[in-house]
Every structure is written in C-alpha cells, then in structure tokens.
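Peer 1: Generate coordinates for the sequence data below:
(one chain, ligands or ions: 1)
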Amino acid sequence: MSSSSSIGISTVKPCCRILIGYRGSSIFGSHARSLDNPNSSKSHSKSIHNRGSYCSSSRISGRSSHCIVQRCIAHQPSSVVHGGRAFISSASASSNSIIRSRVSAAGFYADSGILRRRGVLLVPKVASDYRNQSTSVDNNHVNEKGFEQIYIQGGFNNVKPLVIEEIEKSGNSVVLNGSAVDLDYFKELNEKTTPQEKDERVASEIEKEAWKLLRAATVTYCGSPVGTVAANDPGDKQPLNYDQVFIRDFVPSALAFLLNGDAEIVKNFLLHTLQLQSWEKTVDCYSPGQGLMPASFKVRSVPLEGSEGEFEEVLDPDFGESAIGRVAPVDSGLWWIIMLRAYGKITGDYALQERVDVQTGISLILNLCLSDGFDMFPTLLVTDGSCMIDRRMGIHGHPLEIQALFYSALRCGREMLTVHDGTKNLVAAINKRLSALSFHMREYYWVDMKKINEIYRYKTEEYSTDAVNKFNIYPEQIPSWLVDWIPEEGGYFMGNLQPAHMDFRFFTLGNLWSIISSLGTREQNEGILDLIDTKWDDLVAHMPLKISYPAMEGEEWRIITGSDPKNTPWSYHNGGSWPTLLWQFTLACIKMERPELAQKAVSLAEQRLAADGWPEYYDTRGGRFIGKQSRNYQTWTIAGFLTSKMLLENPEKASLLFWDEDYELLETCVCALGVKASRKKCSRFAARSQDGA
Ligand code: GLC
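Peer 2: This next block holds a predicted model:
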C-alpha cells in the first residue's frame with residue numbers, strides 16, 4: 001500500500017509559511033548550545049524549504065516577543081531540481097537576512113551568499129558504531145557507508161518528479177546532479193515495496209478499515225503529508241486540540257507508515273517539527289528552554305497579506321502555552337529522537353540523521369535534558385502532566401515514563417550523533433548519564449516481593465552515605481493494595497521516587513519502555529512481563545492496557561488530582577485502559593520472545609476496537625465501557641493496532657526498534673564505587689551473570 005498523499009510539485013499550495021522563534025537554533029552546529037559553551041546559541045534566522053519554494057525571512061513584532069516570519073512562496077525555477085525533500089537552514093546568516101533556498105535531489109544548498117555547500121556534505125563521517133550494535137538483528141541496512149543516498153518513498157512506482165541535469169556512471173552507482181546514488185539501494189528499495197509483495201499479506205476487513213481511517217487522518221502542509229490528527233471524530237462537537245498533530249500520538253502512525261513502506265510522511269514530520277523546535281513561545285513573559293519540542297502543531301490557513309482572496313498555510317505549534325493546565329511536553333523531544341532512529345533503522349536512510357540541522361536538533365534536545373540543575377539524581381525532574389499523562393495525576397518529580405523515554409533517547413543519541421570536537425563532550429555526558437540512570441533505576445525503582453519485604457523492615461532517619469534506606473522511606477507508605485497484589489514471581493518499576501516518597505502505582509508505558517530500551521536487566525524485563533501475565537485481569541481484562549494501576553479513589557483522588565472530573569477512579573489517566581499501549585506491549589513481548597502474550601492482547605482489541613469506533617480509552621476496572629469522555633476514531637488507537645499487527649507479522653522489523661543490554665555501560669558501572677549493606681550486589685553484575693557475559 002502506498003501513501004495516498006504523495007503529491008507532485010504542481011499541487012504545492014501557492015504560499016506557505018512558518019513562524020520561527022526569534023532566538024532560533026543555528027543549524028550547521030557552530031551555534032548549537034553545547035555542553036562546552038551553553039550560551040553560544042543566540043539569535044539567528046532559520047529558513048525552511050518546501051519543495052519548489054523559496055523562503056524569505058522578515059521580523060515582525062508579536063504581543064510579547066518578536067518573531068521572524070518565514071514565508072515560503074511557490075516557485076518553480078526551471079533550472080532547479082525538484083524531488084529532494086531535504087531542507088537545511090542557514091547557519092551564520094544574521095537574523096534579518098533573506099535566504100533563498102534551492103533544492104536538489106540529495107539535499108539543498110543555500111544562496112545566501114554565505115553558504116554554498118550542500119548541507120549533506122558537511123557531515124564528515126557517519127555516526128558512532130553503536131548503530132550497528134544496537135539491535136540484535138539488523139539486516140535492513142542499505143548502503144550505510146554513504147550519506148549521500150536518496151530515499152525515494154514507494155520506490156520507482158511513486159517517485160517524485162526529478163529533473164536530471166547531469167549523470168555520470170561508475171560501477172554500481174551514478175552521480176546525479178553531483179550527488180552519488182547507489183543503484184543497489186534503489187533496487188532493494190523497489191523490491192521491498194512492490195505491490196505484489198504488499199498484496200501477499202491479506203489484510204483483514206478491520207485492518208483495511210484501519211488503514212482507510214489512518215490515511216484519512218493525514219494532515220498536509222504545502223501539499224505534502226506532515227502528520228496525522230489526534231482524532232477524526234465526526235461526532236465531536238468540541239474537538240479542543242484533538243485536531244492537531246501531537247508528537248507523541250504520531251509515533252505509532254509513523255511506525256505504521258514506515259513498516260508499510262511509506263516513509264515520506266515521517267521524514268516530512270521529522271523535518272517540520274525540527275523547524276518548530278526553537279520557536280520562542282512564552283507563558284506570561286517566560287520562555288521554555290531552547291530545544292524543547294512542541295506537544296502538538298496545527299496547520300492553519302490564514303489570509304495572505306496583500307493578496308485578497310489568497311491564503312497561505314502556517315504551522316502553529318503548541319509548547320504547552322495553550323494546553324489545558326499549561327503542561328510542559330517533556331516527552332516530545334524524546335519521542336522525536338526515538339522516531340528519528342526508527343526512521344533510519346527501518347528505511348536504511350541514515351542520511352537524514354546525519355544532516356547537520358538534524359544533528360543540531362538532537363544535540364539541542366539532549367543538551368536541554370542534560371543541563372545541570374539542583375537535582376541530586378540522574379533521573380529527570382519534571383512537573384506533573386509532562387508526558388502521555390498530561391493532567392495532574394501526582395506524577396511530578398521523577399516519573400517512570402519520562403525516565404524510560406529519556407534512557408531510550410539517550411541510547412538513540414549515542415547511536416546517531418556524529419562524533420567530532422563539537423559533540424564529544426555531549427557524547428561523553430550521554431555515556432555517563434546512561435550508566436548512572438540505569439544503575440539508579442535498576443537499583444531503586446524496582447519492586448518485587450523481596451524488595452517490598454526489605455522496605456517493610458526499613459529503619460528510618462539514617463544519616464550517612466551508606467544508609468540502607470537512602471530516601472528515608474517510611475514503611476507505612478507501602479499501600480495495602482500492594483501487600484496482597486505483588487506476586488511471588490516477577491515485579492515492576494515503581495512510578496516515582498524522591499525523598500520520603502515512593503509511588504508504588506504500576507504505570508504501563510514506563511514499564512514497557514524499560515523492557516524495550518533495556519533499561520531493566522534481563523531478569524527485570526522478564527519479571528515485568530511475568531507480572532502482566534499473572535495480573536492479566538487487572539492490567540488487561542477486556543481491553544489492553546491499563547495506563548496505571550490501581551486507580552486513586554476517595555480522598556486520595558480528591559487531593560492528588562485536585563478533584564479532576566475527567567480522572568475519576570478507573571477512568572482516563574486514573575486507571576483507564578488505552579488501546580494505544582498495545583503496540584508498545586507487542587514490541588516488548590517480541591523482544592522478550594513472548595509474542596503469544598501480545599497476540600492474546602491484540603486479539604482482544606481486535607474484537608472490539610472497530611465495532612466501538614476506535615475509542616481513545618476505556619473506563620471501569622475491567623475496561624468494559626468506552627471512556628466517558630473518549631473521542632472516537634482516535635488516530636493512535638488505530639495506528640497502534642496496525643503497528644501491533646505488522647510487528648507480530650514481521651518480528652525481524654520489530655528487532656530494529658528495541659535495544660539489547662549494553663555491555664559497555666556495564667563495564668563503566670558507577671556502582672563499582674561500592675554498594676553496601678543489604679543489596680550487596682549491583683543489578684549490573686546480576687545482568688552480566690544472567691546473560692552469561
Ligand atoms: C490527551 C492524552 C495525551 C494525548 C492527547 C492527544 O491529552 O492525555 O496523551 O497526546 O490527548 O491524543
């Protein structure tokens with residue numbers, strides 16, 4: 001199946017623009033805020049290219065901040081090659097300069113008078129070798145050596161117009177307009193995506209419907225697909241922001257498209273959201289850190305100034321400044337990095353992640369996460385509602401979901417960052433943090449029968465560096481539900497940990513990503529699946545899977561949620577069941593060689609999702625009712641189902657999306673410093689002995 005939204009250059013809308021923050025990031029690395037020089041990135045303009053467009057920048061005054069308006073006006077100069085999708089912004093242009101961008105098949109070069117180099121040629125070498133070691137099976141690489149490859153979505157059947165100016169042929173590659181093209185790569189790409197091959201897989205009626213709905217949810221910008229709306233519910237009188245493209249919601253859509261051979265929408269999404277990254281948005285005169293990715297964006301059609309009756313499209317991001325509760329989307333940048341890696345792994349198009357603007361985007365996100373603060377722990381300190389659970393739910397502090405995504409993004413970063421003088425400190429910081437973070441999580445967040453028994457007997461008020469009860473947890477905190485609930489076998493990572501506070505609730509997404517990223521040891525990862533299996537009636541029951549368990553009720557609900565009527569017990573984020581968690585469960589099960597468990601969950605969902613109108617979430621303890629305020633035709637429910645199906649059918653593809661234990665990290669384990677008292681042996685060593693390494 002090919003993308004329904006591939007559009008030739010002739011359909012590009014007349015005018016498109018993007019509002020870019022005044023202090024936008026620089027692109028060719030030289031202005032990136034680095035660990036060496038955190039203040040080095042100041043105001044610079046950015047340009048955006050749209051196929052067949054040129055972009056101009058001018059500054060306007062907003063209510064509380066200045067913005068640069070990037071206007072991309074449809075333009076088809078006869079000598080310009082169309083078909084390339086890369087866009088790169090200016091590095092050293094001053095904030096008012098006008099950049100005219102010309103596009104070539106393999107990249108882009110700017111006519112700013114400052115830059116006359118092809119952006120893709122500026123990366124001196126491929127990213128670190130972690131790429132090759134990161135997954136156990138990785139037979140999908142396509143000509144990794146060259147970063148000048150071109151990925152053409154849909155193979156030759158769906159190729160964009162390409163004007164060839166000159167061709168030189170040598171061996172198995174040709175040089176098109178100055179860019180090397182590996183012919184074997186195209187051959188393989190074409191073979192992978194022939195209609196016959198796709199048709200071999202007979203899609204069920206439900207899958208067919210899901211594909212139709214997923215395609216219908218596609219959002220286009222300047223004629224190109226750039227994402228999917230959160231929900232496409234025709235009955236919804238008050239869509240709020242569900243008509244926007246959410247970064248986190250697009251992840252399963254991206255995977256469904258990628259696994260189906262439709263890479264264009266994902267590439268466009270990654271590049272357009274990259275452009276939004278440093279948009280200066282303020283909440284009452286305060287701006288979030290540079291590198292923050294928006295929670296969502298919307299394509300707006302606005303009247304074109306000076307041209308009556310004409311419209312232009314504008315990308316309008318939301319960094320939380322409009323969101324209910326003004327929640328910070330900490331997870332967005334982490335998801336963006338995870339998606340970028342998945343794009344490379346599945347398509348073999350590593351040229352995208354090697355581009356200098358993309359490298360800068362990765363660095364900005366990770367620098368923001370790694371910047372020093374007041375915190376004592378390697379975990380990320382965030383406010384309530386900064387991830388999928390984007391309402392007050394008592395998860396402020398160091399919630400598991402953020403830590404597991406943070407760990408995954410760090411592993412992605414280590415794989416994708418090109419190592420050179422400008423990044424070596426960042427790479428070193430990533431390695432250090434990975435090591436400290438996994439130690440902390442494995443050691444202190446893990447809950448099982450043995451650990452609860454230890455906590456139950458904890459002494460308190462210990463003042464010393466070798467205290468056993470480091471966080472001064474009062475045993476009375478062990479909730480009564482847990483005493484009966486914890487099984488003899490298996491365990492899980494708790495929801496949160498900070499001074500005198502353990503949140504023992506089970507949060508599904510964080511636990512699944514601990515498995516996927518190998519944040520947990522092999523034994524811990526197996527233990528989580530054992531627990532889900534044993535507690536199936538609590539965590540899955542009629543609809544996979546509970547977002548959190550158990551629900552908060554009574555006084556606890558009143559105090560912790562602030563009497564939130566949407567998060568009443570066993571509803572929405574408070575113990576509701578979210579079908580979008582299915583693809584992550586499937587991935588975790590495939591990794592741990594228990595696909596039958598995932599299959600059982602997928603079959604359950606399949607029986608109900610289409611019939612119920614693809615709800616966002618389900619309510620009640622057993623997930624029997626469609627959620628009280630649930631949208632129908634929720635895109636990540638649909639895409640999550642499709643992705644689960646495809647992963648189960650192509651486990652070798654699934655293996656591109658998870659990580660094995662990183663033995664190098666184990667070597668540099670921080671606990672070599674000595675772990676004392678009752679938990680004598682660091683879980684690192686346990687991991688090593690379990691894996692026989
Ligand atoms: C809700 C969810 C959030 C999701 C958004 C769009 O706010 O809590 O996780 O991204 O809807 O679907």
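Peer 1: what's the nearest residue to the residue of the stretch 401-550 of the chain found nearest the ligand if we skip its chain neighbours?
Peer 2: Nearest residue of the stretch 401-550 of the chain to the ligand (C-beta to the nearest ligand atom) works out as I547 at 8.8 Å. C-betas here are computed from N, CA, C, even on glycine. The shortest distance from I547 to any non-neighbouring residue, by C-beta to C-beta, 6 or more residues apart in numbering, is to W578 (4.9 Å).
Peer 1: That neighbour against Y617, yeah?
Peer 2: Yes - counting by C-beta atoms under 8 Å, W578 does reach Y617; the two are 5.0 Å apart.
Peer 1: Show me where the stretch 251-400 of the chain dips below the pLDDT cut-off.
Peer 2: Within the stretch 251-400 of the chain, the stretches with pLDDT under 70 are 278-281.
Peer 1: now the strands: where do they sit in it?
Peer 2: Shown for the stretch 251-400 of the chain, the strands assigned by DSSP state E, counting those that start in this stretch span residues 296-303, 311-318.
Peer 1: Figure out which of the ones you listed is closest to the ligand.
Peer 2: Comparing those by C-beta to the nearest ligand atom, strand 296-303 comes nearest, at 7.3 Å.
Peer 1: Tell me what angle the closest one forms with strand 311-318.
Peer 2: 150 degrees (axes from the mean of the first three to the mean of the last three C-alpha atoms, to 10 degrees).
Peer 1: related to what we said a few turns ago, how about the contacts made by the residue of the stretch 401-550 of the chain closest to the ligand?
Peer 2: By C-beta atoms under 8 Å, 6 or more residues apart in numbering, the residues touching I547 are M388, I389, F507, T508, L509, H573, G575, G576, S577, W578, L581, Y617.
Peer 1: pretty sure the fourth one is in contact with S548, am I right?
Peer 2: Same thing as T508. Yes - counting by C-beta under 8 Å, S548 is a contact partner of T508 at 7.1 Å.
Peer 1: who's more crowded, these two?
Peer 2: Shown here are T508 and S548; by other C-beta atoms under 10 Å, T508 has more neighbours (27 against 24).
Peer 1: tell me the pLDDT at the more buried one?
Peer 2: With respect to pLDDT, T508 has a value of 98.
Peer 1: I'd like to know which residues of this protein are adjacent to the ligand.
Peer 2: When proximity is defined by C-beta under 6 Å from any ligand atom, the chain lies next to the ligand at A230, F246, R248, D249, M388, D390.
Peer 1: from these, which ones fall inside helices?
Peer 2: Those of the residues of the chain next to the ligand mapping onto helices are R248, D249, per DSSP state H.
Peer 1: In the stretch 201-350 of the chain, what residue lies closest to the ligand?
Peer 2: When scored by C-beta to the nearest ligand atom, the stretch 201-350 of the chain has A230 as its residue closest to the ligand, at 3.7 Å.
Peer 1: Among W578 and Y617, which residue is more densely surrounded?
Peer 2: Under the criterion of other C-beta under 10 Å, the comparison of W578 against Y617 puts W578 first, with 28 against 24.
Peer 1: I'd like the residues of the chain next to the ligand as JSON lines, with neighbour count and distance to S322 appended.
Peer 2: Converted to JSON lines, the residues of the chain next to the ligand look like this (neighbours: other C-beta atoms under 10 Å; distance: C-beta to C-beta, whole Å):
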{"residue": "A230", "neighbour count": "24", "distance to S322": "14"}
{"residue": "F246", "neighbour count": "27", "distance to S322": "13"}
{"residue": "R248", "neighbour count": "24", "distance to S322": "17"}
{"residue": "D249", "neighbour count": "28", "distance to S322": "16"}
{"residue": "M388", "neighbour count": "23", "distance to S322": "18"}
{"residue": "D390", "neighbour count": "21", "distance to S322": "13"}
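Peer 1: from the contacts of I547, which is closest to the ligand?
Peer 2: M388 (4.0 Å).
Peer 1: which ones are touching that closest one?
Peer 2: By C-beta under 8 Å, 6+ apart, M388 lies in contact with R248, D331, E401, L509, I547.
Peer 1: Go again with 10 Å.
Peer 2: 246, 248-249, 331, 335, 401-402, 405, 507-510, 547, 573, 578, 580-581, 636 (C-beta atoms under 10 Å, 6 or more residues apart in numbering).
Peer 1: before we move on, the earlier item: got JSON lines for the residues of the chain next to the ligand, with distance to I516 too?
Peer 2: As requested, the residues of the chain next to the ligand are exported to JSON lines (distance: C-beta to C-beta, whole Å):
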{"residue": "A230", "distance to I516": "23"}
{"residue": "F246", "distance to I516": "20"}
{"residue": "R248", "distance to I516": "15"}
{"residue": "D249", "distance to I516": "18"}
{"residue": "M388", "distance to I516": "15"}
{"residue": "D390", "distance to I516": "21"}
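Peer 1: so L642 touches A254, yeah?
Peer 2: No - when contacts are counted by C-beta atoms under 10 Å, L642 is not listed as touching A254 (11.6 Å).
Peer 1: that older thread, for the strands of the stretch 251-400 of the chain, which one ends up most surrounded?
Peer 2: Highest mean neighbour count among those (mean count of other C-beta atoms under 10 Å): strand 311-318, with a mean of 21.
Peer 1: which neighbours does it have in its sheet, and in what orientation?
Peer 2: Sheet pairing here is set by DSSP bridges, and for strand 311-318 it gives strand 15-21 (parallel), strand 296-303 (antiparallel).
Peer 1: burial of D349, as a residue count?
Peer 2: Counted with other C-beta under 10 Å, residues neighbouring D349 total 23.
Peer 1: and if you look at the one 5 residues further on?
Peer 2: Counted by other C-beta under 10 Å, the residues lying close to E354 total 22.
Peer 1: does the closest residue to F250 other than its chain neighbours sit in a helix or strand, and which one?
Peer 2: Spatial nearest neighbour of F250, chain neighbours left out: G227 (5.2 Å); criterion: C-beta to C-beta, 6+ apart. For G227, the element it lies in under DSSP states H and E is strand 224-228.
Peer 1: quick check: angle from that strand to strand 311-318?
Peer 2: If you take the same axes, to 10 degrees, strand 224-228 sits at 30 degrees to strand 311-318.
Peer 1: Now strand 224-228: buried residues?
Peer 2: S224, P225, V226, G227, T228 (16 or more other C-beta atoms under 10 Å).
Peer 1: Please tell me the pLDDT value assigned to E454.
Peer 2: The model reports E454 with a pLDDT of 97.
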